[in-house]
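Chemist: got a sequence here, can you build the structure:
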Amino acid sequence: PPAPTATRPRGVAATPRWWRDAAGAFAWLTGLFVVALWVRNGGIQQLSSLGGALTTIGRLTGLLSAQLLLIQVLLIARIPFVERSYGQDELARRHRLVGLWSFNLMWAHLVFIVLGYAAGSTLGLWGTIVDLVLNYPGMLLALAATVALCLVVWTSVKAARARLRYESWHLLHLYAYLGAGLAIPHQLWTGAEFVGNLAATVFWWGLW
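Modeler: The predicted structure follows:
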């Protein structure tokens, strides 16, 4: 006999297939946009020297990390058409996966940027770090953002989470929003892709 047909609760409309496609397209298009910004501002040309290569890779990993952080937040933001398209279990899995990529790219960004600036400076490695944090616009906020995001990731590791009450873990997890907000200013104030580019700046602010 034919398998029974799955039924939906009365009054619940079917989720259009294009909703899921639209959500996926948004994620990919925003990623392509930040890569296009990097290319437009000479990202590929700067690969010709060691210091330039380190710095430009740092710029690219930072842009992609920020874009994935935005996607990670949107995945778990209970947006109705996204939630109905994927389901909570699938969204939670993707949220965790995207978060790990964003976190790793953030650290790659930090390492490459510091090494790139140090390669073209006489201050040395630690002197370059101090100079970046104290003398570049928005970098103190970015440092606070890094601490907040590290706190969120470290308390989300299974071993650490098992030691926390759910309410404590959830409260700490909200620091991800603080980290995301504090990270934005240094992107726009010092990022080569946004300085002097009004269209890119308006788009990035609007996206966030």
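Chemist: elements contacting the biggest helix by length in the chain?
Modeler: For the chain, the longest helix by residue count, based on DSSP state H, is helix 88-119. Packing contacts for helix 88-119, counted by 3 or more C-beta pairs under 8 Å, 6 or more residues apart in numbering; DSSP states H and E, involve helix 50-75, helix 80-86, helix 124-135, helix 139-156. (C-beta placed from N, C-alpha, C; glycine too.)
Chemist: show me what the last one is packed up against.
Modeler: So the one you mean is helix 139-156. Right, helix 139-156 is packed against helix 88-119, helix 124-135, helix 166-173, helix 175-190 by 3+ C-beta pairs under 8 Å, 6+ apart.
Chemist: export those to JSON lines and tack on distance to A66, mean pLDDT and mean neighbour count?
Modeler: Below are the helices and strands packed on helix 139-156 laid out as JSON lines (distance: least, C-beta to C-beta, whole Å; pLDDT from 0 to 100; neighbours: other C-beta atoms under 10 Å):
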{"stretch": "helix 88-119", "distance to A66": "8", "mean pLDDT": "92", "mean neighbour count": "17"}
{"stretch": "helix 124-135", "distance to A66": "17", "mean pLDDT": "92", "mean neighbour count": "13"}
{"stretch": "helix 166-173", "distance to A66": "19", "mean pLDDT": "82", "mean neighbour count": "12"}
{"stretch": "helix 175-190", "distance to A66": "6", "mean pLDDT": "88", "mean neighbour count": "18"}
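Chemist: in a markdown table: these, plus distance to G31.
Modeler: Shown next, in a markdown table, are the helices and strands packed on helix 139-156 (distance: least, C-beta to C-beta, whole Å):
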| stretch | distance to G31 |
| --- | --- |
| helix 88-119 | 11 |
| helix 124-135 | 26 |
| helix 166-173 | 24 |
| helix 175-190 | 15 |
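Chemist: wait, which of those helices is closest to V152?
Modeler: helix 175-190 (4.6 Å; C-beta to C-beta).
Chemist: quick check: angle from that closest one to helix 139-156?
Modeler: 150 degrees (axes from the mean of the first three to the mean of the last three C-alpha atoms, to 10 degrees).
Chemist: which SSE is immediately downstream of helix 175-190?
Modeler: Next helix or strand after helix 175-190 toward the C-terminus (DSSP states H and E): helix 198-207.
Chemist: mind listing what's buried in that next one?
Modeler: A200, T201, W204 (16 or more other C-beta atoms under 10 Å).
Chemist: so the second one touches W189, yeah?
Modeler: I take that to be T201. No: contact criterion C-beta atoms under 8 Å: T201 and W189 do not qualify, at 9.9 Å.
Chemist: returning to that earlier point: pick the most deeply packed of the helices and strands packed on helix 88-119.
Modeler: helix 50-75 (a mean of 21; mean count of other C-beta atoms under 10 Å).
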